[in-house]
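Chemist: Sequence isn't available, so here's the structure alone:
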């Protein structure tokens, strides 16, 4: 163990992570933009005495798995935090400086969600020093949560089956003010395109406007589909949909031969994501016969349903009660990596330091008090005997 390379505290650890840009590839154009952070975290973990494994994903940074085994059981408690961030463009503070001022650490990803990753790794480091260690602990630093959630999906489909791990539960790190998120919505994004025929604007009768056709689709979605959504979940609210992007035409004097919209549909637990896609397609087919259109899914992530096995939740609630925090499980309208884990039958909840209101902002920050609280919560969860929490 090379202790000289270990930061002196969790604040220094988070600063070192923020100072390494890891903007999502979709936002920066570099398909391996998270690689430097992955390598940095791997070196730190090995310096702390942990075993590490780079889990490759072709032409991408891949995932990093850090493990600390305390017994021969194949049961593990997994903590997960994504490495990527949204773009730093438009920030009014140094996005990669890691400045600390007035009990706040500033920088892109400080809140969402390098703060949770730093707190998890530091908690794991402290846990490994304890005399009493109840669980085998693993920490996954996953790639690409902000745009595609490819990291967690590769982990579930390709990596996990090769690791001889039975996951007792997963804590997904996101800024929740250390409140447990036990259910959240999923997301379907569809791209709808119309095809027309170009012509000079002086002879529009020789062409056919793809934009005019798209107006009919937008009107149908706005007037019939969106108002008809009535699926709800007691913890996550009501299903939602909105048309948020539109492009079309090439120049002012040409009848447009193409138009495209993108619609975001939030899926509540209990809805079947692929059925939602089919409902939209059927609506267009039945109401707009003869219109030349096509629809594809650009993104689909399932909702996080409340786990049937409540052992993990009860463990977390006991920890929060001991610390004096509110342990009531909450729901959320947003989506995270937890959706893929939970929908695959793995007991999962979302929990971490920081306020979601500070995520993706022009002066993104996390309070040092929250950061330290995250360490305490995670360390106590690691130290808890899950068998004694089972009811």
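Modeler: Arrived safely, thanks for sending. Just so we're clear, the structure is a prediction, and the values are computed from it rather than from any experiment.

Chemist: Can you show me the strands along the stretch 101-250 of the chain?
Modeler: 104-106, 137-142, 166-172, 181-184, 186-195, 232-233, 237-238, 240-248 (DSSP state E, counting those that start in this stretch).

Chemist: Which elements pack onto the first one?
Modeler: Yep, that's strand 104-106 we're talking about. For strand 104-106, the packing partners by 3 or more Cβ pairs under 8 Å, 6 or more residues apart in numbering; DSSP states H and E come out as helix 10-18, strand 365-367, helix 368-383. Every residue, glycine included, has its C-beta placed from N, CA and C.

Chemist: sorry, back to before: which among the strands of the stretch 101-250 of the chain is found nearest to residue 25?
Modeler: strand 137-142 (13.6 Å; Cβ to Cβ).

Chemist: got the angle between that closest one and strand 166-172?
Modeler: 50 degrees (axes from the mean of the first three to the mean of the last three Cα atoms, to 10 degrees).

Chemist: Parallel or antiparallel, which strands does strand 137-142 pair with?
Modeler: strand 63-68 (antiparallel), strand 75-82 (parallel) (DSSP bridges).

Chemist: Out of those, flag the one nearest residue 132.
Modeler: Comparing the strands paired with strand 137-142 by Cβ to Cβ, strand 63-68 comes nearest, at 13.9 Å.

Chemist: contact partners of the closest one?
Modeler: Applying Cβ atoms under 8 Å, 6 or more residues apart in numbering, the external contacts of strand 63-68 come out as 38, 41-42, 45, 50-55, 57, 76, 83, 121, 124, 127-128, 136-143, 151, 154-155, 159, 163.

Chemist: what bridges to residue 68?
Modeler: Here residue 68, judged by DSSP bridges, has bridge partners residue 137.

Chemist: burial of it, as a residue count?
Modeler: Residue 68: 21 surrounding residues under other Cβ atoms under 10 Å.

Chemist: Over to residue 211?
Modeler: Residue 211 has 18 nearby residues by other Cβ under 10 Å.

Chemist: Please dump the helices and strands packed on strand 104-106 into a markdown table; it should also carry distance to residue 286 for every row.
Modeler: Compiled in a markdown table, the helices and strands packed on strand 104-106 are given as follows (distance: least, Cβ to Cβ, whole Å):
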| stretch | distance to residue 286 |
| --- | --- |
| helix 10-18 | 51 |
| strand 365-367 | 49 |
| helix 368-383 | 50 |
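
Chemist: Return the most buried member of the ones you listed.
Modeler: strand 365-367 (a mean of 25; mean count of other Cβ atoms under 10 Å).

Chemist: how does the protein divide into domains?
Modeler: Structural domains assigned to the chain are 3-184+303-389, 186-301, following automatic domain parsing.

Chemist: Of all the strands of the stretch 101-250 of the chain, which one comes closest to residue 217?
Modeler: Here strand 186-195 is closest among the strands of the stretch 101-250 of the chain (Cβ to Cβ), at 6.1 Å.

Chemist: For the closest one, buried residues please.
Modeler: Buried residues in strand 186-195, counting neighbours by 16 or more other Cβ atoms under 10 Å, are found at 186, 187, 188, 189, 190, 192, 193, 194.

Chemist: Model confidence score at the last one, please.
Modeler: The reference is to residue 194. Per-residue confidence (pLDDT) for residue 194: 98.

Chemist: and the closest residue to residue 370 other than its chain neighbours, what pLDDT?
Modeler: In space, and not counting its chain neighbours, residue 370 is closest to residue 353: 4.0 Å by Cβ to Cβ, 6 or more residues apart in numbering. For residue 353, the pLDDT comes out at 98.

Chemist: Count the residues that sit near residue 353.
Modeler: 31.

Chemist: go on, residue 345?
Modeler: By other Cβ under 10 Å, 12 other residues sit near residue 345.
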